[in-house]
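Colleague: starting from these lines, generate the structure:
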Amino acid sequence: MAESTDTFARWCESELGRSGARIERELSGGNSNLTQLVHTDQGPLVMRSPPANTISPKAHRGVEREYIVMKALQGHLPVPETVGWCADPDIIGYPFALVQHIDGVSISDELPASYDGAKAVNALGEQLTDALAALAIAPWQDIGLDGLGNPENFLQRQVERWLKVRADQSVRNLPEIDRLGRWLLENVPADAPTGVVHGDFHLDNSLCGRDAPELLAVIDWEMASVGDPLTDLGLFLMFWGDKRSAEPPGFAHVQGVTRQPGVHSRRTLAERWSRSSGLSIENLDYYCCFAFWRLAAIVEGAYSLFVQGKVDTPYARGLEYDVPALLLEAAAAAEGDW
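Modeller: I've put the predicted structure just below:
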């Protein structure tokens with residue numbers, strides 16, 4: 001351990017010009033990768049790396065993807081500043097990325113005490129919407145992201161994939177999975193735009209000011225790709241506001257602070273996104289349906305593991321309700337009720 005620590009410190013000094021580097025502690029947050037606080041004499045950094053117990057030699061690719069995307073997007077929207085990427089597993093035992101440490105808070109179902117209720121939520125909603133619009137029109141081919149993913153048949157491939165997965169791994173009767181999946185395939189919008197897609201864009205995956213409602217950075221880019229940017233808008237709006245077709249809504253905690261009187265409606269934010277990006281929201285019913293349906297299809301996998309006795313967590317147990325609730329909202333969105 002001491003040798004690894006010394007090797008890391010020497011690497012940071014020689015490659016980054018930062019002295020006194022040491023890994024201090026694990027930070028919360030992140031979808032699947034490990035997030036740790038790193039001390040240096042020049043100021044703190046954040047390390048992103050594959051999970052410590054991973055056995056896949058490809059596990060670092062999500063971290064590398066995240067680093068490449070954030071580096072390319074500097075100046076286009078608020079993202080952490082990239083500091084260094086190390087592909088050499090001999091330094092600390094696995095590849096890692098280092099980025100700027102941002103002293104902010106991640107908000108889900110509780111606002112900081114200094115925030116002014118719905119007024120603060122609306123300010124953040126507007127900033128998130130503007131950041132998402134900037135992402136949608138970022139010149140991905142010119143900033144080195146043309147190899148990030150395959151935008152061809154982006155929607156069709158995802159729907160077909162999750163239809164097959166759910167058919168092969170079915171553990172209960174969910175007819176809306178198939179019905180809505182078929183509807184999504186039959187109604188794929190023509191001439192969909194292409195842009196950088198975050199893949200999990202919502203308030204929880206951002207860092208905000210501790211004392212004032214300021215968007216400091218959008219984080220957790222490991223699922224980023226090149227595809228249809230309206231899928232990000234649908235996902236963001238899915239969890240926004242108190243107009244929900246299921247009560248309680250599925251995943252009620254996500255963006256929970258937005259479900260209060262006086263908060264901007266989904267349509268208000270959608271129209272703002274369209275004005276800022278210059279892109280049409282004519283087919284937004286489709287994208288909202290897609291967002292609810294895709295999430296339901298994905299997380300049903302965790303419920304399947306619960307039914308098989310392979311996992312037993314409050315999250316997995318809660319999916320008995322959450323998945324049908326998400327499908328109910330997907331069906332409503334397909335009819336324009338969002």
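Colleague: from here on, just use CA atoms for contacts and neighbour counts.
Modeller: Fine.
Colleague: can you pull the buried residues of stretch 236-252?
Modeller: 236-242, 244-246, 249-252 (16 or more other Cα atoms under 10 Å).
Colleague: same list, those, but as a markdown table with distance to Gly318 and pLDDT please.
Modeller: Below are the buried residues of stretch 236-252 laid out as a markdown table (distance: Cα to Cα, whole Å; pLDDT from 0 to 100):
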| residue | distance to Gly318 | pLDDT |
| --- | --- | --- |
| Phe236 | 22 | 97 |
| Leu237 | 22 | 97 |
| Met238 | 19 | 94 |
| Phe239 | 17 | 91 |
| Trp240 | 20 | 95 |
| Gly241 | 21 | 91 |
| Asp242 | 20 | 83 |
| Arg244 | 18 | 86 |
| Ser245 | 18 | 85 |
| Ala246 | 14 | 84 |
| Pro249 | 12 | 90 |
| Gly250 | 9 | 90 |
| Phe251 | 9 | 90 |
| Ala252 | 11 | 86 |
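Colleague: and the two most separated of the residues you listed?
Modeller: Based on Cα to Cα, the longest span within the buried residues of stretch 236-252 runs between Phe236 and Ala246 and measures 17.3 Å.
Colleague: wait, Gly234 touches Ala291, no?
Modeller: Yes - between Gly234 and Ala291 there is a contact at 5.6 Å, judged by Cα atoms under 8 Å.
Colleague: circling back: just to be sure, which of the buried residues of stretch 236-252 are found in helices?
Modeller: 236-238 (DSSP state H).
Colleague: what's around Leu37, how many residues?
Modeller: 18 (other Cα atoms under 10 Å).
Colleague: quick one: the helices in the stretch 201-338 of the chain, in order.
Modeller: Ranges of helices in the stretch 201-338 of the chain, per DSSP state H, counting those that start in this stretch, are 230-238, 266-277, 284-307, 314-334.
Colleague: and the residue most central in space within the chain, what is it in contact with?
Modeller: Nearest residue to the geometric centre of the chain (Cα atoms, centre = their mean): Asp200, 2.1 Å. When contacts are counted by Cα atoms under 8 Å, 6 or more residues apart in numbering, Asp200 is found next to 220, 223, 232, 235.
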